[in-house]
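> sequence and predicted model, in that order:
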Amino acid sequence: MKAIMYHYICPPPVDRPYATHLSSDNFCKQLDYFKQTDRFIASDEFDDIINSRIPVPDDGIVLTFDDGLKDHSQFVFPELLKRGLWGFFFVPTAIFTGSGLLAVHRIHYLLGRYGGSAIMEKMIGDEYLAPFLEKPSKFYQTTYRYQDNDEATVAVKRILNYVAPPFVRDAWLTKIMLELCDENQIKKDYYFTKEDMISMHAAGMIIGGHTVAHPVLGNLCLDEQRREIEDSLACLRGILGEKSVESFSFPYGRKATYTDETLQLLKDAECRYSFAVEHRNITAEDISNNILALPRWDCNQFSYGQLVK
Ligand SMILES: [Zn+2]
């Protein structure tokens, strides 16, 4: 059985010329393609598979959408309804409680609007961030005219998501967002609302946890990890009902982004299953022994799933 992971799905965003996304046309084409190659399974069938009541179907497929994006309520949800399909929607709860964008999306927004080279120039100019720029590299020399935006984009993401301490990164992001854009307005267009989520849930979509603030869980101490997991599940259960939220997906999701402690914390929080990012099918072995880190394919591994600018 395949689980497919999606993020941004939209028509080209007018204010973000450098943003990568899956076009809404290609999303529809990919659903048509999967209809030919696989079989969309019903949510109660998925539940039977997870509970080992029936075998894992080789040709089964489920769809997952991370991050609580407005794209998902505005475009994906109606498209799934039209086709009689359903999906998992994994929601970082700070989109309801926080004042601005999550750090991960501030980074996406800035890169999408201004491009990697321009953002790297800004980072080089900041005295607190400067020590975390990995020298020597062509990106960190102020005199260099960046030709390759994609390479600069990768470097920006690496430094801000993994290298700089979160408090340094967040202080810089707050400063730069204030300088360059109206974050409150952007937030309204970026995420779905509680009301959107309630409607989606009522129509058969499955809502799952995705932490509060979208950190790399594996970088946190045990108490911080516990807070991210327990608080996010409590928030969603408070909105949708105690028994309604039993799944989770790890932010970023690859092996190093979570630990054995993460899995134990999920178990303690009565999370029944969880998704990681690993490009392979879910097997019977995963259902028996790996239910809290089920593998998930990225949509770009299949026809029509390539991201565009
Ligand atoms: Zn995410």
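In hand now; what should we look at?

> per-residue confidence averaged over stretch 159-175?
Regarding stretch 159-175, the rounded mean pLDDT is 91.

> how far does that stretch stretch from one end to the other?
17 Å (Cα to Cα, to the nearest Å).

> can you list contacts of it?
For stretch 159-175, contacts defined as Cβ atoms under 8 Å, 6 or more residues apart in numbering pick out 100, 103-104, 106-107, 110, 123, 126, 128-129, 132-134, 215-216, 252. For the C-beta atoms, the positions are set from N, CA and C on the backbone; glycine is no exception.

> need the max-distance pair from these.
Gly100 and Glu134 (27.3 Å; Cβ to Cβ).

> more neighbours: which of these two?
With other Cβ atoms under 10 Å as the criterion, Gly100 and Glu134 differ in neighbour count, and Gly100 comes out ahead with 17 against 11.

> so which elements touch the helix or strand in which Val104 is found?
Element membership for Val104, per DSSP states H and E: helix 103-114. Contacts defined by 3 or more Cβ pairs under 8 Å, 6 or more residues apart in numbering; DSSP states H and E place helix 103-114 against helix 149-158, helix 166-180, helix 183-190.

> surely Lys157 meets Val104?
No. At 9.1 Å, Lys157 does not count as touching Val104 under the criterion of Cβ atoms under 8 Å.

> those two: which is more packed in?
More crowded of Lys157 and Val104, by other Cβ under 10 Å: Val104, with 19 against 16.

> for that one, what are its contacts?
Contacts of Val104 (Cβ under 8 Å, 6+ apart): 67, 161, 214, 251.

> got the contact list for Ile282?
Neighbours of Ile282 in contact, by Cβ under 8 Å, 6+ apart: 1-3, 56, 294-295.

> okay, it: pLDDT?
For Ile282, the predicted pLDDT is 98.

> my guess is Ala284 contacts Val56. True?
Yes. With contact defined as Cβ under 8 Å, Ala284 counts as touching Val56 (5.1 Å).

> could you check which of those two is surrounded by more residues?
More crowded of Ala284 and Val56, by other Cβ under 10 Å: Val56, with 16 against 12.

> need the pLDDT of the more buried one.
On the pLDDT scale, Val56 gets 97.

> what does Gly98 give?
For Gly98, pLDDT reads 80.

> how many residues are close by it?
For Gly98, using other Cβ under 10 Å, the count is 14.

> got a list of what it touches?
With the criterion set at Cβ under 8 Å, 6+ apart, Gly98 makes contact with Ala213.

> what helices and strands are in contact with whatever helix or strand comes next after the helix holding Val104?
The element immediately downstream of helix 103-114 (helix or strand, assigned by DSSP H and E) is helix 116-124. With contacts taken as 3+ Cβ pairs under 8 Å, 6+ apart, helix 116-124 sits against helix 149-158.

> just the buried positions in the helix it packs on, please.
For helix 149-158, burial by neighbour count (16 or more other Cβ atoms under 10 Å) applies to 149, 151-153, 155-157.

> what's the burial count for the nearest residue to His108 once chain neighbours are set aside?
The shortest distance from His108 to any non-neighbouring residue, by Cβ to Cβ, 6 or more residues apart in numbering, is to Ala19 (7.0 Å). Ala19: 19 surrounding residues under other Cβ under 10 Å.

> Ala19 - that's part of a helix, no?
No. When classified by DSSP: H, G, I helix; E, B strand; the rest coil, Ala19 is found to be coil rather than part of a helix.

> in contact with it, which residues?
Per Cβ under 8 Å, 6+ apart, neighbours of Ala19: 8, 13, 108, 111-113, 309.

> need the buried ones from the residues you listed selected in PyMOL.
With 16+ other Cβ under 10 Å as the criterion, this PyMOL line picks the buried residues out of these:
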select buried, resi 8+13+108+111+112+113
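
> just send the contacts of Ala19 back as a markdown table, with pLDDT too.
Listed next are the contacts of Ala19 as a markdown table, based on pLDDT from 0 to 100:
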| residue | pLDDT |
| --- | --- |
| Tyr8 | 93 |
| Pro13 | 78 |
| His108 | 93 |
| Leu111 | 94 |
| Gly112 | 93 |
| Arg113 | 95 |
| Lys309 | 77 |
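
> which one of the contacts of Ala19 is nearest to Gln301?
Once Cβ to Cβ is applied, the member of those that ends up nearest Gln301 is Tyr8, at 16.5 Å.

> go ahead and confirm the closest one touches Leu69.
Yes. Tyr8 is within contact range of Leu69, at 6.4 Å (criterion: Cβ under 8 Å).
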